[in-house]
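Chemist: need the 3D shape of this:
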Amino acid sequence: MICTVTFNPSLDYIVRVDDMRLGTINRTTYEKVLPGGKGVNVSIVLGNLGHASRALGFVAGFTGDELCRLCAEAGVDCDFIRVAEGMTRINAKVKSNEETELNGQGPNITEKDVEELFSKIDALGEGDTLVISGSVPSALPHDMYERIMARLNGRGVRVVVDAERDLLTRVLPYRPFLVKPNNHELGDIFGVTLRTRDEVVPYARKLREMGAANVLVSMAGEGGVLVAETGEVFESPAAKGTVVNSVGAGDSSVAGFLAGLMETGSYETAFKMALATGSASAFSDHLATRPEVEALIASS
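Modeler: Residues are numbered from 1 along each chain as shown. Predicted coordinates for the structure are as follows:
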């Protein structure tokens, strides 16, 4: 079983406005509502690639109802915890001359809600995979990642972590199966600027030395790097295409990596599928589908 955890999922309200101006009425030329959150994206793309997963997290209010409906519509098995106070956040993404985002706060999550999440995670065992990604909202303990990793330690669960800075580095002693920073996040950890794949490799190796089994680094237009637990290093430029929307591309890479590894057992193939899946999402206004991913792999 694969489970994903999104602590603070959202409804993403995406609009386009011609020549947006502050202080007056602006009218949209395009609008769409999508289920949002890094773990939710991973689950949707896994489903698009033919692999089932279960989405965990917290929802509340009428927006939580709509999030569950949209996830089910996308084929995601939702097992969200219903929170009593507040509502699932709405993130408004306004595309105009510049892109502007307004992100909501999310519901009030109690310790009882957290324990309910832990009970679901405790059901995982040998051979299962858990993907934890994204920020930890202020309503939750700051050490949520470590608490989850500690509970699963020694139980044979492959844990994937996609998070920034301290959230990532603090879980490394628990030996996560895969971590997926981008080159900017990796550079922030070590206080350096990383622009090329050659510059990324030694720092990805450092994350392995600090505890990660596999390190996948996404680099947008530069492609990516994988330092695998076998000691092998794979790197590749990005596929050629026009970026339409980069939101969810990194999450898609995680889904592609897991799908490729499950299907072939090859880290090289998993890496290629990760890059193709991330690019397929970036080149479209929706998350990657299997035909789009296979087309990019065939053209590389």
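Chemist: show me the contacts for Asn41.
Modeler: Listed by C-beta atoms under 8 Å, 6 or more residues apart in numbering, the contact partners of Asn41 are 248, 251-252, 255, 287. For every residue, glycine as well, the C-beta is placed using N, CA and C.
Chemist: and it, that's in a helix?
Modeler: Yes - assigned with DSSP: H, G, I helix; E, B strand; the rest coil, Asn41 falls within a helix.
Chemist: now do the strands in the stretch 1-150 of the chain.
Modeler: Under the criterion DSSP state E, counting those that start in this stretch, strands of the stretch 1-150 of the chain are mapped to 2-6, 10-17, 28-36, 54-59, 77-78, 81-82, 89-95, 99-103, 129-133.
Chemist: re earlier: so which of the contacts of Asn41 are in helices?
Modeler: Taking DSSP state H, the ones among those that sit in helices are 251-252, 255.
Chemist: could you check which helix or strand contains the closest residue to Glu268 other than its chain neighbours?
Modeler: Spatial nearest neighbour of Glu268, excluding adjacent residues (C-beta to C-beta, 6 or more residues apart in numbering): Phe234 at 5.7 Å. For Phe234, the host element (DSSP states H and E) is strand 233-236.
Chemist: show me the shaky parts of the chain.
Modeler: Applying pLDDT under 70 to the chain flags no residue at all.
Chemist: what about the helices in it?
Modeler: For the chain, applying DSSP H gives helices covering 38-48, 61-73, 111-121, 144-152, 165-169, 183-190, 197-209, 249-264, 267-282, 290-299.
Chemist: and the ones you listed as JSON lines, adding distance to Ile132?
Modeler: Converted to JSON lines, the helices of the chain look like this (distance: least, C-beta to C-beta, whole Å):
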{"stretch": "helix 38-48", "distance to Ile132": "7"}
{"stretch": "helix 61-73", "distance to Ile132": "18"}
{"stretch": "helix 111-121", "distance to Ile132": "9"}
{"stretch": "helix 144-152", "distance to Ile132": "6"}
{"stretch": "helix 165-169", "distance to Ile132": "9"}
{"stretch": "helix 183-190", "distance to Ile132": "15"}
{"stretch": "helix 197-209", "distance to Ile132": "16"}
{"stretch": "helix 249-264", "distance to Ile132": "11"}
{"stretch": "helix 267-282", "distance to Ile132": "17"}
{"stretch": "helix 290-299", "distance to Ile132": "24"}
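Chemist: nearest to Cys3 among the ones you listed would be which one?
Modeler: Among these, helix 111-121 comes nearest to Cys3, with 7.4 Å by C-beta to C-beta.
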